[in-house]
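K.L.:
model this:
(2 chains)
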Amino acid sequence: MDKQKYIWKKEYTVVLIANAVYIVLFYVIMKSFS
Amino acid sequence: MQWLDWLVLIGTLGFIVLYGAWKTKGSKNVTDYIKGGSEAKWWTIGLSVMATQASAITFLSTPGQAFHSGMGFVQFYFGLPIAMVVICLVFIPIYHRLNVFTAYEYLETRFDLKTRTVAAVLFLIQRGLAAGITIFAPAIILSAVLGWDLNTLNIIIGVLVIIYTVTGGTKAVSVTQKQQMAVIFFGMFVAFYLIVSYLPADITFSKALKIAGASGKMEVLDFSFNFENRYTFWSGIIGGSFLALSYFGTDQSQVQRYLSGKSMKEMQLGLIFNGLLKVPMQFFILLVGVMVFVFYQFNASPLNFNPAADIVVKNSIYSEEYKALENKHLEIEKSKSVANLNYGISLESENNTLQQEKSVKEIQALNLLELENREQAKEIIKKADNLVETNDKDYVFIHFILNNLPRGLIGLLLAVILSAAMSSTASELNALASTTVIDLYKRNEKTVKDDRHYVKVSKWFTLLWGILAITFACFANLFDNLIQLVNIIGSIFYGNILGIFLLAFFVKYVKSNAVFVAALITQVIVIIGYVYDWMPYLWLNLFGCALVMGVAILLQGFLVSVVKE
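P.N.:
Here you go, the predicted structure:
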């Protein structure tokens, strides 16, 4: 079996950052309405 | 149900089924039928992946989850984007390069035929049972609240799915899932808008969120390390990644969705699309449930939302005792309505902090009283009939829909629920048939047949799995706590399958015999572990995965040393 190369794409960074932003937003919502 | 609701319901579902069957008929080869001609774009893949995961229970149960326990359930999905990235980075390039039809096909390339067959059979057992439940779970709820015959409903859902899945294969599944997702999103947005508009005139959306917060429903994040709490930030990130990786990376019902992509890039973008939208979508569905909660702070709600429980207890010797609790519930609700309204008014001025704190304390005390009352009611229902379901979270949203939405929209929301049931079932039947044909039938055929033969066989197997799923759904209520049973079966097999794939991808040192023996040993140990209750069943996923990897690595080491000697 030939060696597998893992190619990182900018879309992966975008999806991880977007989800981190969601979590920060959830934190803000929780602090504002709890 | 009025005639307009019937018209919307039958019209919506009928159009999706007939359009799906007509648009995708006439597949000539296996690539067309099983991989949808390999021409799906990223948005089709993304919607298809989301529609496969979102079953009817998602739309029935999630708002009820928020109604009772708040927004915390969203944390369960935090690991999903991480899994999407890992699958794009590792799984998809391999599947694409080897041009596989099923995930298990890859295992033969990496290990051998017997390992591929074991993984395929484990999948067929687990997903075959799950397909029956995907039909049964919404059918039992809808039959309870609408009074429809349970078996008729099972057969209707199953037959509608069979019509287009047999006719058009993967392409039909993708085409219909786009329309089903459109119906689902439209229906949920309309429901959300109406719930907010039904709140008292003084209660704005912002105040509604504050009112929900006063009752602890806006606790979105829990950073504690408490294993007693099922949904925390950490269990979501760690456990959620793990579960999503096994589900999206190794379960053919999901793998087949992205294998239908036009190119590797389309497949990867489809999963990224899912990774971007899944968490906000679940947040939104939970928010709908929280708004239903706020709605019931100002409107009467039943003591238990399951109508079957209500009927059972009212026809028993505990009827008077239950009615006394209902009266108490009514009194508590009246007090809560006043307290919440006062709290809402007090929010208009920032100088009213004292009044606000007083109102919050009052609301919290009333919530405790209400909870105690509901728990007492559950105990009485159990005494009246031990078999009836007292956990009513699956019935909250459907109760709201049927009792509060205007004509036509009840039909639309029922179409949302049935669309979700059909979209998941279609992917399951499609994947079950593909795995049976590619990994078992075609792989073990002695003579080479033409493509038309395999398309025909695939159609027959789709029909067969459809009939099996309907049959299982029709007999499902003979078993107690069936949904849990299927989750247990899933947990018993999932860890082992994921472990085999992780070994294949990351531990090149391990070869076929070691992994095959390790898989068999692991499966026996996991089953023993479950029988002797070594751990809560969800942990069996992690246990099975770690065990198969550990045993395979040790066995490989042992085999290598024996060969050297």
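K.L.:
which residues of chain A fall in helices?
P.N.:
Using DSSP state H, the helices found in chain A span residues A:10-33.
K.L.:
in the stretch 51-200 of chain B, which spans are helices?
P.N.:
Counting by DSSP state H, counting those that start in this stretch, one finds helices in the stretch 51-200 of chain B at the ranges B:56-69, B:80-86, B:92-98, B:103-110, B:113-146, B:150-197.
K.L.:
So which of the ones you listed is nearest chain A?
P.N.:
Closest to chain A of the helices of the stretch 51-200 of chain B is helix B:80-86 (CB to the nearest CB; 4.4 Å). For the C-beta atoms, the positions are set from N, CA and C on the backbone; glycine is no exception.
K.L.:
so residue B:29 makes contact with residue B:453?
P.N.:
No - between residue B:29 and residue B:453 there is no contact under CB atoms under 8 Å: 10.5 Å.
K.L.:
just how off-centre is whichever strand or helix holds residue B:475 within its chain?
P.N.:
Element membership of residue B:475, judged by DSSP states H and E, is helix B:451-475. With CA atoms, centre = their mean, to the nearest Å as the basis, helix B:451-475 stands 22 Å off its chain's centre.
K.L.:
What residues of that helix count as buried?
P.N.:
Applying a neighbour-count criterion of 16 or more other CB atoms under 10 Å in any protein chain shown, one finds B:454-455, B:457-459, B:461-462, B:465-466, B:468-470, B:472-474 buried in helix B:451-475.
K.L.:
tell me what the next helix or strand after that helix is packed against?
P.N.:
Using DSSP H and E, the helix or strand that follows helix B:451-475 in sequence is helix B:482-506. Helix B:482-506 is packed against helix B:103-110, helix B:113-146, helix B:240-250, helix B:512-531, helix B:539-564, with contacts defined by 3 or more CB pairs under 8 Å, 6 or more residues apart in numbering or on different chains; DSSP states H and E.
K.L.:
Now distance to chain A, mean neighbour count and mean pLDDT too, for the ones you listed, in CSV please.
P.N.:
Conversion of the helices and strands packed on helix B:482-506 to CSV gives the following (distance: least, CB to the nearest CB, whole Å; neighbours: other CB atoms under 10 Å in any protein chain shown; pLDDT from 0 to 100):
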stretch, distance to chain A, mean neighbour count, mean pLDDT
helix B:103-110, 7, 23, 92
helix B:113-146, 14, 22, 88
helix B:240-250, 11, 23, 87
helix B:512-531, 12, 19, 92
helix B:539-564, 16, 17, 89
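K.L.:
Please name the residues that touch the most centrally placed residue in chain A.
P.N.:
Nearest to the mean C-alpha position of chain A, by CA atoms, centre = their mean, lies residue A:16 at 1.7 Å. By CB atoms under 8 Å, 6 or more residues apart in numbering or on different chains, residue A:16 lies in contact with B:81, B:82, B:85.
K.L.:
Chain B contacts on chain A?
P.N.:
Residues of chain A lying near chain B by CB under 8 Å from any CB of the partner chain: A:1, A:4-9, A:11-12, A:14-16, A:18-19, A:22-23, A:26-27, A:29-30, A:32-34.
K.L.:
got the contact list for stretch B:369-379?
P.N.:
Residues external to stretch B:369-379 that are found in contact with it (CB under 8 Å, 6+ apart): B:303-304, B:313, B:322, B:325-326, B:328-329, B:332-333, B:336, B:390-391.
K.L.:
Could you pull up the mean pLDDT of it?
P.N.:
Averaging pLDDT along stretch B:369-379 gives 92.
K.L.:
In terms of distance to residue B:199, which of the buried residues of helix B:451-475 ranks first?
P.N.:
Within those, proximity to residue B:199 (CB to CB) peaks at residue B:473, which comes in at 37.9 Å.
K.L.:
angle of the helix or strand of chain B with the lowest mean pLDDT against helix B:56-69?
P.N.:
Sorted by mean pLDDT, DSSP states H and E, the helices and strands of chain B end with helix B:482-506, the least confident at a mean of 82. Compare the direction of helix B:482-506 with that of helix B:56-69 by axes from the mean of the first three to the mean of the last three CA atoms, to 10 degrees and you get 110 degrees.
K.L.:
now helix B:482-506, how far from the centre of its chain.
P.N.:
16 Å.
K.L.:
buried set for it?
P.N.:
Residues of helix B:482-506 classed as buried under the neighbour-count rule (16+ other CB under 10 Å) are B:482-483, B:486-487, B:489-505.
K.L.:
so what's residue 23 up against?
P.N.:
I'll assume chain A. For residue A:23, the contact set (CB under 8 Å, 6+ apart) comprises B:78, B:221, B:233.
K.L.:
I was thinking of chain B, sorry if that wasn't clear
P.N.:
Residue B:23 makes contact with B:168, B:172, B:175, according to CB under 8 Å, 6+ apart.
K.L.:
Count the residues that sit near residue B:25.
P.N.:
Residue B:25 has 13 neighbours, counted by other CB atoms under 10 Å in any protein chain shown.
K.L.:
and it, what does it touch?
P.N.:
B:167, B:168.
K.L.:
Then it would be within a strand, right?
P.N.:
No - judged by DSSP: H, G, I helix; E, B strand; the rest coil, residue B:25 forms no part of a strand; its state is coil.
K.L.:
helix/strand/coil for the residue nearest to residue B:333 when sequence neighbours are not counted?
P.N.:
Using CB to CB, 6 or more residues apart in numbering or on different chains and skipping residues adjacent in sequence, the residue nearest residue B:333 is residue B:300, 6.1 Å away. At residue B:300, secondary structure determined by three-state DSSP is coil.
K.L.:
for the one 3 residues further on, same thing?
P.N.:
For residue B:303, the assignment made with three-state DSSP gives coil.
K.L.:
contacting residues around it?
P.N.:
Listed by CB under 8 Å, 6+ apart, the contact set of residue B:303 reads B:310, B:322, B:325, B:326, B:329, B:373, B:374, B:377.
K.L.:
Now the stretch 251-400 of chain B against chain A: closest residue?
P.N.:
residue B:275 (4.3 Å).
K.L.:
What's the mean pLDDT across the host helix or strand of that residue?
P.N.:
For residue B:275, the host element (DSSP H and E) is helix B:264-298. Averaging pLDDT along helix B:264-298 yields 95.
K.L.:
Neighbour count added to the contacts of residue B:23, as TSV?
P.N.:
Shown next, in TSV, are the contacts of residue B:23 (neighbours: other CB atoms under 10 Å in any protein chain shown):
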residue	neighbour count
B:168	27
B:172	28
B:175	23
